[in-house]
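**Q** What follows is a predicted protein model with its sequence.
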Amino acid sequence: MTFPYITYKIYVCMRLTLLNTAFLLITFFLFQSNSSFAENNAVEVLGKEIKAILHNSCLKNGSAGIKVFSLTKGDVVFQKNSSQFFIPASNIKLLTTAVALKVLGGEYQFLTTVSTDGEIKKGVLNGNIYLKGFGDPRLVSEELWMIVKSIRNRGIKRINGNIIADDTFFDDKLKGVGVRKNGGPEPYNARVSALSLNFNTVTVYVNPAKKVGARPIVTVDPPTKYIKVSNKAKTTARGRNYNIVAGRVKKNGHDTVFINGSIKTPGYHVYLNVSDPTLYTITVFKEFLEKEGIIIKGTISIAKQPEEVKKLVIHKSRPLSLIIQDMNKISNNFISEQVLKTVGAERFGVPGTTRKGLDLVNQLMETLGHLPSSYSVVDGSGLSKQNSLSPDQIIDVLKNMYYDFSVRAEYVASLGIMGIDGSLKKRLNEFQKRRYIRAKTGTLNGASSLSGYVGAEGGEELAFSMLINSRKCSWDNNNKIQNRIVEKLAAFSRTKIENTIFTNTGDKQLAITPQISYNSSR
């Protein structure tokens, strides 16, 4: 009988199978154990490195908070004081951008329209012209010229009426909460209006005269009657290249720019905000019309456009996806406040207000599990020191935007690239992996912040938020602390992720060999 022999072979095969299975299981668990140990060790090493960097004499008594979250693995890599509240400065713009993209979409375009209540006959417009703004934060002189040319191209040579500005898409509050009551002429204090031009600033150029002791040459761009100049500076042959004090004051329906001091070398210029954005814009608009040869019999004024008008020109801005790049990369306060009011107007109706925009910020934060009582956001730019957020809350916003595929690309692209552009351009210029760091800066007296994303060495993508509130730390020292930490994040590796386009290879370029041989005779 052969049955016992067959049974014995089956028994042996089963034993071998069980032994192999046991061996594989033991190997697997040993590998998993070693892998987990390696991962935990890498996280522990990173934590020690970050703590060593934070062990700085200017960072005492919990004046710094940080959180690092792995977007790839879904776990916290490091945190310290992450639930503590700090003044986030311009990191507030991360929330403004998030709400704008989710409510308006990256393709949204701001409008500026020209309409009339009259008729055009034989090149004469018998009626008024209305220039209506819808919050465009990027309308500049060149674009206003194009609007004017479009009017001329309709054959209009004369306007028997007034040139009227309509800024009713926003409320009449020109200043954000962060701008002091008597806020200065600096461009970061620029006023807000539905009808704005050149970020509601002018550029003032000062160059030496030919004779020593004479008044220097002052040029305002754009040249406009809205700006008067009081020049009390002198041309000198000694001392510093220029020692100019420039400012502006509001006087009787216009702004007066005053120039004091001395200048020796050409090249000085300064940006100054304007006190009445709507009046400034409509003044320049009328002057552009006249420079195009159009005769205007009326005057300029500010009023609401009638319901029954005929559109002459509809100007569309660049898409929001590009505008938020200007807003975040160079940290433009004016753009962020304009965007916040626009979001409020589009969702809750005209007029757009800061409060309406902030209601949408609160809605976003509530979906992330944060009630309004657990934080403070009072403007769209972060200029106010009344703002208060924790690293935990900023990380939640960064996570939400990263995992939302419909807005992720535009959101990440709006952030500065370390060592390449915007407010990060002069930081870590020589760092090989600088392009793998995308972040938003924030700076106020006593407050410094840096939050964003890092593509780590091991293939993980990390979200991070660093908030520092310390008057003992200098601006330069804060930057050095933040730079050293993001360098460590970029070098972080606990498990190599192979075959992924996201693997951090520094500035090395992939060499791709063509797989098809092209024959020139074909």
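**A** Cool, got the structure.
**Q** what about the stretch 401-522 of the chain, any weak spots by pLDDT?
**A** Applying pLDDT under 70 to the stretch 401-522 of the chain picks out residues 496-522.
**Q** Now do the helices in the stretch 151-300 of the chain.
**A** For the stretch 151-300 of the chain, the helices defined by DSSP state H, counting those that start in this stretch occupy 277-291.
**Q** now the strands for it?
**A** For the stretch 151-300 of the chain, applying DSSP state E, counting those that start in this stretch gives strands covering 158-159, 163-166, 201-207, 217-221, 227-231, 234-235, 242-251, 254-263, 268-273, 295-296, 300-302.
**Q** now those strands as JSON lines including mean pLDDT, mean neighbour count and distance to residue 465?
**A** Quick note: C-beta positions are derived from backbone N, CA and C, even for glycine. Below are the strands of the stretch 151-300 of the chain laid out as JSON lines (pLDDT from 0 to 100; neighbours: other Cβ atoms under 10 Å; distance: least, Cβ to Cβ, whole Å):
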{"stretch": "strand 158-159", "mean pLDDT": "98", "mean neighbour count": "20", "distance to residue 465": "54"}
{"stretch": "strand 163-166", "mean pLDDT": "98", "mean neighbour count": "23", "distance to residue 465": "41"}
{"stretch": "strand 201-207", "mean pLDDT": "97", "mean neighbour count": "20", "distance to residue 465": "31"}
{"stretch": "strand 217-221", "mean pLDDT": "97", "mean neighbour count": "15", "distance to residue 465": "39"}
{"stretch": "strand 227-231", "mean pLDDT": "97", "mean neighbour count": "16", "distance to residue 465": "42"}
{"stretch": "strand 234-235", "mean pLDDT": "96", "mean neighbour count": "18", "distance to residue 465": "50"}
{"stretch": "strand 242-251", "mean pLDDT": "92", "mean neighbour count": "16", "distance to residue 465": "37"}
{"stretch": "strand 254-263", "mean pLDDT": "96", "mean neighbour count": "19", "distance to residue 465": "40"}
{"stretch": "strand 268-273", "mean pLDDT": "96", "mean neighbour count": "20", "distance to residue 465": "30"}
{"stretch": "strand 295-296", "mean pLDDT": "98", "mean neighbour count": "15", "distance to residue 465": "53"}
{"stretch": "strand 300-302", "mean pLDDT": "98", "mean neighbour count": "15", "distance to residue 465": "43"}
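**Q** Residue 466 is nearest to which of the ones you listed?
**A** Residue 466 lies closest to strand 268-273 among the strands of the stretch 151-300 of the chain, at 29.4 Å (Cβ to Cβ).
**Q** where exactly do the helices run in the chain?
**A** Per DSSP state H, the chain carries helices over the ranges 3-54, 93-104, 141-152, 277-291, 320-329, 333-348, 354-367, 391-403, 405-413, 475-490.
**Q** I would like the residues contacting the fifth one, please.
**A** With contacts defined as Cβ atoms under 8 Å, 6 or more residues apart in numbering, helix 320-329 is touched by 93-94, 96-97, 100-101, 104-110, 137-138, 317, 332, 335-336, 339, 410, 413-416, 421-423, 440.
**Q** Let's have the strands of the stretch 151-300 of the chain in CSV, adding distance to residue 53.
**A** Converted to CSV, these look like this (distance: least, Cβ to Cβ, whole Å):
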stretch, distance to residue 53
strand 158-159, 64
strand 163-166, 53
strand 201-207, 38
strand 217-221, 44
strand 227-231, 48
strand 234-235, 49
strand 242-251, 39
strand 254-263, 42
strand 268-273, 36
strand 295-296, 63
strand 300-302, 54
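**Q** Quick one: closest of those to residue 385.
**A** Nearest to residue 385, of the strands of the stretch 151-300 of the chain and by Cβ to Cβ, is strand 268-273 at 20.2 Å.
**Q** From start to finish, how long is stretch 56-72 in a straight line?
**A** 31 Å (Cα to Cα, to the nearest Å).
**Q** Stretch 76-90 too?
**A** 24 Å.
**Q** before we move on, the earlier item: next, format the helices of the chain as a markdown table and append distance to residue 197 and mean neighbour count.
**A** Output for those, formatted as a markdown table (distance: least, Cβ to Cβ, whole Å; neighbours: other Cβ atoms under 10 Å):
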| stretch | distance to residue 197 | mean neighbour count |
| --- | --- | --- |
| helix 3-54 | 45 | 12 |
| helix 93-104 | 21 | 24 |
| helix 141-152 | 6 | 16 |
| helix 277-291 | 4 | 22 |
| helix 320-329 | 15 | 23 |
| helix 333-348 | 11 | 26 |
| helix 354-367 | 21 | 19 |
| helix 391-403 | 31 | 22 |
| helix 405-413 | 26 | 16 |
| helix 475-490 | 32 | 19 |
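**Q** what about these, which gets the closest to residue 75?
**A** Among the helices of the chain, helix 3-54 sits nearest to residue 75 (Cβ to Cβ), with 8.7 Å.
**Q** average model confidence for the closest one?
**A** Averaged across helix 3-54, the pLDDT comes to 68.
**Q** who's residue 310 bridged to?
**A** residue 116 (DSSP bridges).
**Q** what do you get for residue 249?
**A** Per DSSP bridges, the residues bridged to residue 249 are residue 256.
**Q** May I have the residues that are in contact with it?
**A** Residue 249 touches 255, 256, 258, counting by Cβ under 8 Å, 6+ apart.
**Q** For those residues, give me CSV that also has distance to residue 230.
**A** Listed next are these as CSV, based on distance: Cβ to Cβ, whole Å:
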residue, distance to residue 230
255, 11
256, 6
258, 4
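**Q** Closest one of those to residue 450?
**A** The closest of the contacts of residue 249 to residue 450 turns out to be residue 255 (Cβ to Cβ; 35.8 Å).
**Q** how much space is there between the residue lying closest to that closest one once chain neighbours are set aside and residue 472?
**A** Once flanking residues are discounted, residue 255 sits nearest to residue 248: 4.9 Å by Cβ to Cβ, 6 or more residues apart in numbering. In this view, residue 248 and residue 472 are 35 Å apart by Cβ to Cβ, to the nearest Å.
**Q** Return the closest of the contacts of residue 249 with respect to residue 305.
**A** Within the contacts of residue 249, the smallest distance to residue 305 is 25.4 Å, found for residue 255 (Cβ to Cβ).
**Q** I'd like to know how far that closest one sits from residue 93.
**A** Distance, residue 255 to residue 93, by Cβ to Cβ: 28 Å.
**Q** and if you look at residue 439?
**A** Distance, residue 439 to residue 93, by Cβ to Cβ: 12 Å.
**Q** repeat for residue 80
**A** 24 Å.
**Q** and if you look at residue 334?
**A** Distance, residue 334 to residue 93, by Cβ to Cβ: 12 Å.
**Q** what do the two both touch?
**A** Counting by Cβ under 8 Å, 6+ apart, the residues touching both residue 334 and residue 93 are residue 381.
**Q** was I right about residue 330 contacting residue 422?
**A** Yes: with contact defined as Cβ atoms under 8 Å, residue 330 counts as touching residue 422 (5.2 Å).
**Q** Those two - which one has more neighbours?
**A** Each of residue 330 and residue 422 has its neighbours counted (other Cβ atoms under 10 Å); residue 422 has more, 20 against 14.
**Q** okay, the closest residue to that one other than its chain neighbours: pLDDT?
**A** Computed as Cβ to Cβ, 6+ apart, the closest residue to residue 422 that is not its neighbour in sequence is residue 329, at 3.0 Å. pLDDT, residue 329: 98.
**Q** residues touching the closest residue to residue 79 other than its chain neighbours, list them.
**A** Excluding the flanking residues, the one nearest residue 79 by Cβ to Cβ, 6+ apart is residue 67, at 4.5 Å. Neighbour list for residue 67: 76, 78, 79, 80, 82, 391, 392, 394, 395, 464, 465 [criterion: Cβ under 8 Å, 6+ apart].
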